[in-house]
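# based on what follows, work out the 3D shape:
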Amino acid sequence: GTEIQRRIGVKTSRDEPLARFTTMRVGGPADLFLTVHNGFELRAIVRFARARGLPHVLLGRGSDVVISDRGIRGLVIQVRAEGSRLEGDRYHAEAGVPMARAATETQQAGLSGLEFGLAIPGTVGGAVWANAGAHDSEMRTVVESADAILADGREVRLPLDELGFAYRDSRFKHVPPDAPPDLAAIGPAEVVIGARFRLTPAEPDEIKARLDAIRRWRQAHQPLGIPSAGSVFRNPPGDSAGRLIDAAGLKGTRMGGASVSEKHANFIVNDQRGPAADVRRLAEHVRAVVEHQHGVRLEFEVEFVGDWTDWEITPCPSNARRSWFFWEGHP
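Numbering: from 1, shown residues only. Now for the predicted structure:
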């Protein structure tokens, strides 16, 4: 930790509880935790971690993830690189820019296309990684290119046709065939550091009206203001996960502190602040019931991150685990 502070100038903390950095409000400690505030720090820390074989996880706004009660081994890099700029009808954003801010900034500039971003609770980097979407739009409809650190350490600008976008998927979710096996074992083989959007000029008032409509729709249809991680499951082809869960009579089903939202069946809300194990137990139950009743096996859209060993047997309170971390004697 001290070496990171000395070399990169970023403060680190040990055994940092992660629940407050996620929208589900669950998660045990990170062995080592830091926040990067610009692209330079993000590049430097990724290269540092790779060079030392240090396991690392990137965290944006903490939506779309459920971090285990045992927490995350190694280093958690919270990405708060939030630089953005406009060039004509192009919008450049660093990986940590919240999608909702991208939506409002571009609206004010009279550029349309990112309105759906208002409904994405994460960051630009996470949204590119997942090809996030909402309201009949998704990242691949507006992204022109993405800046990334590749497995070999090069920083490149990847055009749209090289981003591997598919439904809630991109090249960044996969290990490239030429990536060194030891790299894939410690962290992401490719890291998004920013994106460039091609947008369409429009009247700011018209765009604002669309943003207001999205805001109203979300308030009416989603459990806002209650801890959740967004949609739990991907929609199966030609159907909606929420419809299947609702049809299975699962709305309101509770396990410990977590329940299936009465407002939107594809949301699990941690309304009574249970541990991560409650959320996962409920999610697995929902999946099993839907498969039994409808013959459809739902795929998770949320990512279960961290140390999930023995999670069904031994939920581990966040303060009960001491770090095994090797930084104690690290030069």
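
# how about the helices in this structure?
Remark: helices assigned in the chain by DSSP state H are 2-8, 39-51, 99-108, 124-130, 181-186, 204-221, 241-247, 276-294.

# winner for burial among these?
helix 124-130 (a mean of 28; mean count of other CB atoms under 10 Å). Every residue, glycine included, has its C-beta placed from N, CA and C.

# what does that one rub up against?
Contact partners of helix 124-130, identified using CB atoms under 8 Å, 6 or more residues apart in numbering, comprise 58, 60-61, 63-64, 79, 93-99, 102, 117, 120, 122, 132, 139, 143, 146, 163, 168-170, 172-173, 192-195.

# buried ones among those residues?
Buried subset of those (neighbour count, 16 or more other CB atoms under 10 Å): 58, 60-61, 63-64, 79, 93-99, 102, 117, 120, 122, 132, 139, 143, 146, 163, 168, 170, 172, 192-195.

# turn the helices of the chain into CSV, including mean pLDDT and distance to residue 257.
Shown next, in CSV, are the helices of the chain (pLDDT from 0 to 100; distance: least, CB to CB, whole Å):
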stretch, mean pLDDT, distance to residue 257
helix 2-8, 88, 35
helix 39-51, 95, 33
helix 99-108, 98, 27
helix 124-130, 97, 25
helix 181-186, 89, 32
helix 204-221, 96, 23
helix 241-247, 98, 19
helix 276-294, 98, 5
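
# export these as a markdown table, with columns for distance to residue 263.
Formatted as a markdown table, the helices of the chain follow (distance: least, CB to CB, whole Å):
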| stretch | distance to residue 263 |
| --- | --- |
| helix 2-8 | 42 |
| helix 39-51 | 36 |
| helix 99-108 | 20 |
| helix 124-130 | 23 |
| helix 181-186 | 39 |
| helix 204-221 | 7 |
| helix 241-247 | 10 |
| helix 276-294 | 15 |
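
# any idea which of those gets closest to residue 88?
Among the helices of the chain, the nearest to residue 88 by CB to CB is helix 99-108 (12.1 Å).

# how about that closest one as PDB, C-alpha atoms only?
This file holds the C-alpha atoms of helix 99-108, laid out as PDB (Å, rounded to 0.1, in the frame of the first residue of the first chain):
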ATOM      1  CA  MET A  99     -24.100   7.700 -17.100                       C
ATOM      2  CA  ALA A 100     -26.800  10.000 -15.700                       C
ATOM      3  CA  ARG A 101     -24.400  12.900 -15.800                       C
ATOM      4  CA  ALA A 102     -23.400  12.000 -19.400                       C
ATOM      5  CA  ALA A 103     -27.200  12.200 -20.200                       C
ATOM      6  CA  THR A 104     -27.700  15.700 -18.600                       C
ATOM      7  CA  GLU A 105     -24.400  17.200 -19.900                       C
ATOM      8  CA  THR A 106     -25.200  16.200 -23.500                       C
ATOM      9  CA  GLN A 107     -28.700  17.400 -23.100                       C
ATOM     10  CA  GLN A 108     -27.500  20.900 -22.000                       C
END
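
# need the residues that contact that helix.
Under the contact criterion CB under 8 Å, 6+ apart, helix 99-108 has outside partners 82, 84, 86, 91, 93, 112-118, 120-124, 127, 132, 197, 199, 204, 207-208, 211.

# relative orientation of it and helix 204-221 in degrees?
150 degrees (axes from the mean of the first three to the mean of the last three CA atoms, to 10 degrees).

# gap between helix 99-108 and the chain center?
19 Å (CA atoms, centre = their mean, to the nearest Å).

# also stretch 146-164?
The mean C-alpha position of stretch 146-164 is separated from the chain mean by 19 Å, CA atoms, centre = their mean.

# just the buried residues of it, please?
Quick answer for stretch 146-164 (16+ other CB under 10 Å): 146-149, 151, 158, 160, 163.

# list just the nearest of these to residue 308.
Of those, the one sitting nearest to residue 308 (CB to CB) turns out to be residue 151, at 25.6 Å.

# so, low pLDDT: which residues of the stretch 1-150 of the chain?
Along the stretch 1-150 of the chain, no part satisfies pLDDT under 70.

# about what we covered before: so for residue 312, which of the helices of the chain sits nearest?
helix 276-294 (7.1 Å).

# still on that earlier bit, among the helices of the chain, which is nearest residue 266?
Closest among those, using CB to CB: helix 241-247, at 3.9 Å.

# for residue 140, give me its contacts.
Here residue 140 is in contact with 131, 160, 163, 165 (CB under 8 Å, 6+ apart).

# got the contact list for residue 214?
115-116, 118-119, 134-135 are the contacts of residue 214 under CB under 8 Å, 6+ apart.

# nope, residue 63 is what I was after
22-23, 120-122, 126, 229-230.

# from residue 166, how far off is it?
Residue 63 sits at a distance of 20 Å from residue 166 (criterion: CB to CB, to the nearest Å).
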